[in-house]
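Novice: pasting the sequence and the predicted model now:
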Amino acid sequence: MANYLSKFLPHLSTVTEPLRRLEDKDVEWHWNERAFIDVKRLITNNPVVRYYDVSKEVALQCDASQSGLGAALLQEGQPVAFTSRALTTTEKLCPD
C-alpha cells in the first residue's frame with residue numbers, strides 16, 4: 001500500500017529505510033515498531049496535495065540523505081506531487 005501511495009507520501013524512503021534493512025543479507029532481524037507506526041501514520045493522514053494548475057508557477061524542492069532521495073513539486077507553497085527512492089548499497093558506497 002505504501003508503494004502504491006508513494007507519490008503522495010513525503011519522506012517515504014527515509015521512513016521505510018529501517019524496514020528495508022530487514023531484507024539485507026547477513027543482518028540480524030530486529031523489528032522496528034517505530035518505523036512501522038510512522039508508515040501507518042503517513043498512509044492514514046490526509047496529505048494536503050493540490051491539483052496541478054498549468055497556469056501557476058511551480059517550484060521543485062529536492063533533498064538527499066545517506067539512505068534516500070526525495071523531491072516535491074510545489075505550487076503556491078503546497079505540494080502537487082512527491083517522489084522518493086532509497087539508495088542501494090552500491091550507490092551509498094560510491095566515492096565522491
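Specialist: Looks like it arrived, so ask away.

Novice: now do the longest helix belonging to the chain, average pLDDT.
Specialist: As assigned by DSSP state H, the longest helix anywhere in the chain is helix 33-44. What helix 33-44 shows for mean pLDDT is 87.

Novice: which residues sit against it?
Specialist: Residues from elsewhere that reach helix 33-44 (Cβ atoms under 8 Å, 6 or more residues apart in numbering): 1-2, 5, 9-12, 15-19. In short, each C-beta sits where N, CA and C put it, glycine included.

Novice: and for the closest residue to Gln78 other than its chain neighbours, the neighbour number?
Specialist: Spatial nearest neighbour of Gln78, chain neighbours left out: Arg50 (4.9 Å); criterion: Cβ to Cβ, 6 or more residues apart in numbering. By the measure other Cβ atoms under 10 Å, the count of residues near Arg50 is 14.

Novice: residue closest to the middle of this structure?
Specialist: Residue closest to the mean C-alpha point of the chain, counted by Cα atoms, centre = their mean, is Leu12 at 2.4 Å.

Novice: quick check: neighbours of the helix or strand just after the longest helix of the chain in the sheet, parallel or antiparallel?
Specialist: Downstream of helix 33-44, the next assigned helix or strand under DSSP states H and E is strand 59-64. Using DSSP bridges, the strands paired with strand 59-64 in its sheet are strand 68-75 (antiparallel).

Novice: could I get the CA-only coordinates of the strand it pairs with as CSV?
Specialist: Provided in CSV are the C-alpha atoms of strand 68-75 (Å, rounded to 0.1, in the frame of the first residue of the first chain):
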residue,chain,number,x,y,z
GLY,A,68,17.5,8.0,0.1
LEU,A,69,16.5,10.8,-2.3
GLY,A,70,13.3,12.8,-2.4
ALA,A,71,11.6,15.7,-4.2
ALA,A,72,8.4,17.6,-4.1
LEU,A,73,6.7,19.6,-6.8
LEU,A,74,5.1,22.7,-5.3
GLN,A,75,2.6,25.4,-6.4
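
Novice: any buried residues in that strand, and which?
Specialist: By neighbour count on 16 or more other Cβ atoms under 10 Å, the buried set for strand 68-75 is 68-70, 72-75.
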